[in-house]
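Undergrad: fold the stuff below for me.
(chains A and B)
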Amino acid sequence: MTAVASEAAADPAALLVGFARRLRAAGAEVSGERVRAFLRATEALRPWARTDVYWAGRLTLCGGPDDLPRYEREFAAWFGGGEQAVPRPPAPAPPRLRPVLRNAAVPTGRPGAPEERAPRLPAPAASTDVLRHRDVAELSAAEREQVRRLLAAFALRGPVRRTARRRPARRGENDPRRTVRALLRNGGEPVRLRHRVRAERPRRVVLLVDVSGSMAPYADALLRFAHAAARGGHTEVFTVGTRLTRVTRAMAHRDPDAAMAAVARAVPDWRGGTRLGELLKEFLDRWGRRGTARGAVVVLLSDGWERGDPELLAEGMRRLHRLAHRLIWANPLKGRPGYAPRAAGMAAALPSVDAFVEGHSLAALERLAAVVRGGRPPEGIPREGADGA
Amino acid sequence: MRAALEETGYLVDEGLAIACFLALRLNRPVFCEGDAGTGKTALASALAEVLEAPLIRLQCHEGIDASQALYDWDFPRQLLRLRASEAAGVTDPEKLEGALYDRRHLLARPLLRALESAPCVLLVDEIDRADDEFEAFLLELLSDFAVTIPELGTVRAETPPLVVLTSNRTREVHDALKRRCLYHWFDHPDLARELAIVRRRLPEVTARLAEQVTALVQELRRQDLVKPPGVAETIDWVRALHALGASEVDASLATATLGSVLKYREDADRARGLDFAAVLAGRG
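TA: Okay, the predicted model is just below:
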């Protein structure tokens, strides 16, 4: 605090810019333009008043509700305590957003047979939140090679839908606007009729990638798959584990390795437990119902190991199914011989799923991409116990 | 600023008052985000009232383009003009062209109207529903408040309009647009402020009814609902009860009119499990 205070005496602008820097270091997207706006805003107010600086910064340096808690934290840290001076606005995000649980042992996230986890008691994994950041850059050479092929092969596009927009075309309905415009250009002589058709756009694709411990062997590959898919711009990517994290922004890096590093920074729950039901509900409340999932193709990439109440997951899947255009579940375990959707979560979810596909290999992901585009699933939708066992 | 806004019946908290002040001082648009029914759109009309300026509203929708948002030529009138000129024997092409592309034949859509009638308040409602292309177009317009019509020349706002953008977050609005705006997140108000808003908006209802309903809504918001009710719903509920001639509400009446505040079956089911009587008793 004393350092800050002496700095303030020297140059108030430096103090403000220092704060903006700190905010940027904390992960906020603080551009130079934003900082200029912040300085101008503070100048227009009373730069010595803590509340005014607080609001000037909040209005100019934040860009979404997710930025606000971080802003609060950094502001308090930089300008010191004295909470009585600044009335704390209520947290913008719903309070049920992030229950922090860290009482149980860290699961090992052992690669290999996640199926073996079945007989484990659900309790310890359910209440675990591993705040461990995984360095996804350290992949084996074989994986890298596989990923390169993956990236070369993929462009994930949803099926097209008609939009309200119309575009000029050679045939189709009459386009009175363009026809009259052409007519005026020709001195009022009707020369040729112009036509237009409804424009089409690909549907949005929403990927929900499970990054819990049991999915650890697949998470890297699936996230890279998601990165390739997100290039088109009509794709939203979320990770689920013990928390729901939107990683579309982190995925925006063109370079896959940079994107993966950004995702690793953004996701706090690598290799933790799975709370699919709760997170699906959170997804629906925060994103799905607002429009992200409406009319979209939603793909869940998960093994269906649910540590919570399967009924909650079933209810969430029913809601999601009503919202989405198509609901696809890709399960890497499905490729194993003798697999049956016995996991409680998987069994609860299946009735609401439009297509149930594999997701364990490159070929399986290619098939998944075909299904997203609107092809038929490779084989019929397996009902409980109909497949394998 | 705050006092002026409250005079119009729109109650603001400190952050929003500062946002409006800065918007005027720095000529920056205010970007309003938050749940439905928290007063984002109402802010624009309150500002218009304070500034005694017209409110021009552009409702965004998918597929909106420049001809719907900015300007369009009135083709039928141009044709009529052309025919009339021909009949009158006008031969000077310069003159004819000038007459055809006259300001009278231009249909001003909301954005152009806002530039021409500034000072005014321009409300760009639900920007998240428009396409990305439209966002880029808007960005250009908001940065210099001028537009060039090829046939007429440049229209520039003498005083930049005060712009309010709202978004329900159905889609992430591009950062380039947000960067040029003051960002304000609208939260549900606390009990005292919500009560004050209800009382201000509906002065005809009894204090007791307003108080009870506000307490109920606050309790509902604490429940885990699919769609937590906004202030707009609170006002609807109070209005509905008032229309039924109630001066206070009891548990059975609240349950009977629940449809005006909860719009999902799941939510209504959950709310029925609530002990309304206890909540009401708690308020005394």
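
Undergrad: residue contacts, A:Ala44?
TA: Contacts for A:Ala44 (C-beta atoms under 8 Å, 6 or more residues apart in numbering or on different chains) come out as A:Ala56, B:Phe21, B:Leu22, B:Arg25, B:Leu26. All C-beta spots, glycine's among them, are computed from the backbone N, C-alpha and C.

Undergrad: name the member of those with the most neighbours.
TA: Ranked by neighbour count (other C-beta atoms under 10 Å in any protein chain shown), the contacts of A:Ala44 have A:Ala56 at the top, with 27 neighbours.

Undergrad: which residues are contacting the host helix or strand of B:Arg57?
TA: Here B:Arg57 sits within strand B:55-59, counting by DSSP states H and E. With C-beta under 8 Å, 6+ apart as the test, strand B:55-59 has contacts from B:44-45, B:48, B:69, B:109-111, B:113-114, B:117, B:120-126, B:161.

Undergrad: again, 10 Å this time
TA: Residues outside strand B:55-59 that contact it (C-beta atoms under 10 Å, 6 or more residues apart in numbering or on different chains) are B:41, B:44-49, B:64, B:68-70, B:108-118, B:120-127, B:129-130, B:138, B:161-165.

Undergrad: who does it pair up with?
TA: If you go by DSSP bridges, strand B:55-59 pairs up with strand B:121-125 (parallel).

Undergrad: for the residue nearest to the spatial centre of chain B, give me its contacts.
TA: Nearest residue to the geometric centre of chain B (C-alpha atoms, centre = their mean): B:Thr41, 2.3 Å. B:Thr41 makes contacts with B:Cys32, B:Arg57, B:Gln59, B:Leu123, B:Asp125, B:Glu126, B:Val164, B:Thr166, B:Ala232, as judged by C-beta under 10 Å, 6+ apart.

Undergrad: roughly how far does the closest residue to chain A within chain B sit from A:Arg198?
TA: Nearest to chain A in chain B, going by C-beta to the nearest C-beta, is B:Thr170, at a distance of 2.9 Å. According to C-beta to C-beta, to the nearest Å, B:Thr170 and A:Arg198 sit 22 Å apart.

Undergrad: which secondary structure state does the residue of chain B closest to chain A sit in?
TA: Assigned with DSSP: H, G, I helix; E, B strand; the rest coil, B:Thr170 falls in the coil class.

Undergrad: skipping its backbone neighbours, what lies nearest it in space?
TA: Residue nearest to B:Thr170 in three dimensions, not counting chain neighbours: A:Gly291, with 2.9 Å by C-beta to C-beta, 6 or more residues apart in numbering or on different chains.

Undergrad: show me the contacts for the one you found.
TA: Neighbour list for A:Gly291: A:Arg204, A:Leu323, B:Asp128, B:Arg129, B:Asn168, B:Arg169, B:Thr170, B:Arg171 [criterion: C-beta under 10 Å, 6+ apart].

Undergrad: tell me the residue of chain A that sits nearest chain B?
TA: Residue nearest to chain B within chain A: A:Gly291 (2.9 Å; C-beta to the nearest C-beta).

Undergrad: check A:Pro95 and give its pLDDT.
TA: pLDDT recorded at A:Pro95 is 35.

Undergrad: can you list the low-confidence ranges for the stretch 201-350 of chain A?
TA: Along the stretch 201-350 of chain A, the model assigns pLDDT under 70 to residues A:232.

Undergrad: chain B contacts on that one?
TA: Contact residues, the stretch 201-350 of chain A versus chain B (C-beta under 10 Å from any C-beta of the partner chain): A:201, A:204, A:233, A:236, A:246, A:248-249, A:281, A:284-287, A:289-292, A:294, A:315, A:319.

Undergrad: how does it look with 7 Å?
TA: Contact residues, the stretch 201-350 of chain A versus chain B (C-beta under 7 Å from any C-beta of the partner chain): A:Arg289, A:Arg290, A:Gly291, A:Thr292.

Undergrad: what about the first one, which SS state?
TA: If I follow you right, that is A:Arg289. helix.

Undergrad: need the contact list for it.
TA: Shown in contact with A:Arg289 (C-beta atoms under 7 Å, 6 or more residues apart in numbering or on different chains): A:Leu323, B:Val226.

Undergrad: rerun at 10 Å
TA: Residues near A:Arg289 by C-beta under 10 Å, 6+ apart: A:Phe283, A:Arg319, A:Leu320, A:Leu323, B:Thr170, B:Val226, B:Lys227, B:Tyr264.

Undergrad: before we move on, what about the second one?
TA: With contacts defined as C-beta under 10 Å, 6+ apart, the neighbours of A:Arg290 are A:Leu284, B:Asp35, B:Ala36, B:Asp128, B:Asn168, B:Arg169, B:Thr170, B:Arg171.

Undergrad: domain-wise, how is chain A divided?
TA: As given by automatic domain parsing, the domain ranges for chain A are A:2-79, A:141-157+A:203-373, A:164-200.

Undergrad: deepest-packed of these, please.
TA: Among the domains of chain A, the stretch with the highest mean neighbour count (mean count of other C-beta atoms under 10 Å in any protein chain shown) is domain A:141-157+A:203-373, at a mean of 21.

Undergrad: what's the mean pLDDT across the helix or strand where B:Ala44 lies?
TA: Assessed by DSSP H and E, B:Ala44 sits inside helix B:40-51. When pLDDT is averaged along helix B:40-51, the result is 89.

Undergrad: which two of the residues of the stretch 201-350 of chain A next to chain B have the greatest separation?
TA: Greatest spatial distance among those (C-beta to C-beta): A:Arg289 and A:Thr292, at 8.6 Å.

Undergrad: quick one: pLDDT of A:Glu83?
TA: A:Glu83 carries a pLDDT value of 43.

Undergrad: show me which helix runs longest in chain B.
TA: What stands out as the longest helix in chain B, according to DSSP state H, is helix B:207-222.

Undergrad: that one: which residues count as buried?
TA: Buried residues in helix B:207-222, counted by 16 or more other C-beta atoms under 10 Å in any protein chain shown: B:209-221.

Undergrad: could these be laid out in CSV, adding distance to A:Arg177?
TA: Supplementary listing: those in CSV, determined by distance: C-beta to C-beta, whole Å:
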residue, distance to A:Arg177
B:Leu209, 53
B:Ala210, 51
B:Glu211, 56
B:Gln212, 55
B:Val213, 50
B:Thr214, 51
B:Ala215, 55
B:Leu216, 52
B:Val217, 48
B:Gln218, 51
B:Glu219, 54
B:Leu220, 49
B:Arg221, 48
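
Undergrad: near chain A, which of these show up?
TA: Filtering the buried residues of helix B:207-222 for proximity to chain A by C-beta under 10 Å from any C-beta leaves B:Arg221.

Undergrad: now render the buried residues of helix B:207-222 as JSON lines, adding distance to B:Val12 and pLDDT.
TA: Output for these, formatted as JSON lines (distance: C-beta to C-beta, whole Å; pLDDT from 0 to 100):
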{"residue": "B:Leu209", "distance to B:Val12": "25", "pLDDT": "89"}
{"residue": "B:Ala210", "distance to B:Val12": "19", "pLDDT": "90"}
{"residue": "B:Glu211", "distance to B:Val12": "22", "pLDDT": "90"}
{"residue": "B:Gln212", "distance to B:Val12": "25", "pLDDT": "89"}
{"residue": "B:Val213", "distance to B:Val12": "22", "pLDDT": "90"}
{"residue": "B:Thr214", "distance to B:Val12": "18", "pLDDT": "91"}
{"residue": "B:Ala215", "distance to B:Val12": "22", "pLDDT": "90"}
{"residue": "B:Leu216", "distance to B:Val12": "24", "pLDDT": "89"}
{"residue": "B:Val217", "distance to B:Val12": "20", "pLDDT": "90"}
{"residue": "B:Gln218", "distance to B:Val12": "19", "pLDDT": "89"}
{"residue": "B:Glu219", "distance to B:Val12": "25", "pLDDT": "88"}
{"residue": "B:Leu220", "distance to B:Val12": "24", "pLDDT": "88"}
{"residue": "B:Arg221", "distance to B:Val12": "20", "pLDDT": "87"}
